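J.: This is a predicted model, with the sequence first.
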Amino acid sequence: MKSKFYKIFGLSCVFLVALLSFALWMYNKPQVNLQKERPDVILSATELITEFEKNEAEASVLYLDKIVQITGEINEISASKGNSVITLKNGSNEPAVICQMIPEENKRSLSLREGQQIVVRGICSGFLLDVMLVNCVIVNPQ
């Protein structure tokens, strides 16, 4: 009976160590430098929104967790948790592409203005009324 207990206890410890190691690896995983990485997809903000509105499941397969480079017109520049957020509008103004910028882009974001055309590169994190891009960098204000 004790032998069985020690085997289960030993396997539980091995599993716990493996789980903690994986969690630590994920936490310390280096972020991708989006200034240097090539985008997986290049489109306009309107095209990206249309893809998600047409078929969200299919668009998620194509764009989710991919490096997406989009061109669009700035609708709004705001801040969230100390980082700037640039909203690119769709032709109809709803929905939009929300780009959560990396902290290094805060100063550069403040120099932009609403109505300006811009190229932004980020990682698509999904569609919740708006298309969300995270860890965004400004590629080229036009």
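T.: That came in fine, so what should we check first? Numbers count the residues shown, from 1 in each chain.

J.: how near is Lys2 to Leu128?
T.: Lys2 sits 53 Å away from Leu128, going by C-beta to C-beta, to the nearest Å. All C-beta atoms are positioned from the backbone trio N, CA, C, and that covers glycine.

J.: ok, those two, which is more surrounded?
T.: Neighbours per residue, other C-beta atoms under 10 Å: of Lys2 and Leu128, the larger number sits with Leu128, 9 against 6.

J.: Look up phi and psi at that one.
T.: phi -130, psi 80 (degrees, to the nearest 10).

J.: In a helix, Ala18, correct?
T.: Yes - the assignment for Ala18 by DSSP: H, G, I helix; E, B strand; the rest coil puts it in a helix.

J.: Burial check on it, number of neighbours?
T.: 10.

J.: Cross-check the contact I'm expecting between Gln100 and Val134.
T.: Yes - assessed by C-beta atoms under 8 Å, Gln100 is found in contact with Val134 at 4.9 Å.

J.: Now the common contact residues for those two.
T.: Gly122 (C-beta atoms under 8 Å, 6 or more residues apart in numbering).

J.: do you know how far Val134 is from Phe9?
T.: 41 Å.

J.: more neighbours, the two?
T.: Higher neighbour count among Val134 and Phe9: Val134, with 16 against 10, using other C-beta under 10 Å.

J.: before we move on, what SS does the more buried one have?
T.: Taking three-state DSSP, the label given to Val134 is strand.

J.: Would you state the helices of the chain in chain order?
T.: Here the chain has its helices, by DSSP state H, at 2-28, 45-54, 56-63, 106-110.

J.: With Ala96 as the reference, name the closest of these.
T.: Nearest of the helices of the chain to Ala96, taken as C-beta to C-beta: helix 45-54 at 7.3 Å.

J.: which strands and helices sit next to that closest one?
T.: Packing contacts for helix 45-54, counted by 3 or more C-beta pairs under 8 Å, 6 or more residues apart in numbering; DSSP states H and E, involve helix 56-63, strand 67-80, strand 96-101, strand 130-141.

J.: what comes up buried for the second one?
T.: Burial within strand 67-80, assessed by neighbour count using 16 or more other C-beta atoms under 10 Å, is assigned to Ile67, Val68, Gln69, Ile70, Thr71, Gly72, Glu73, Ile74, Asn75, Ile77.
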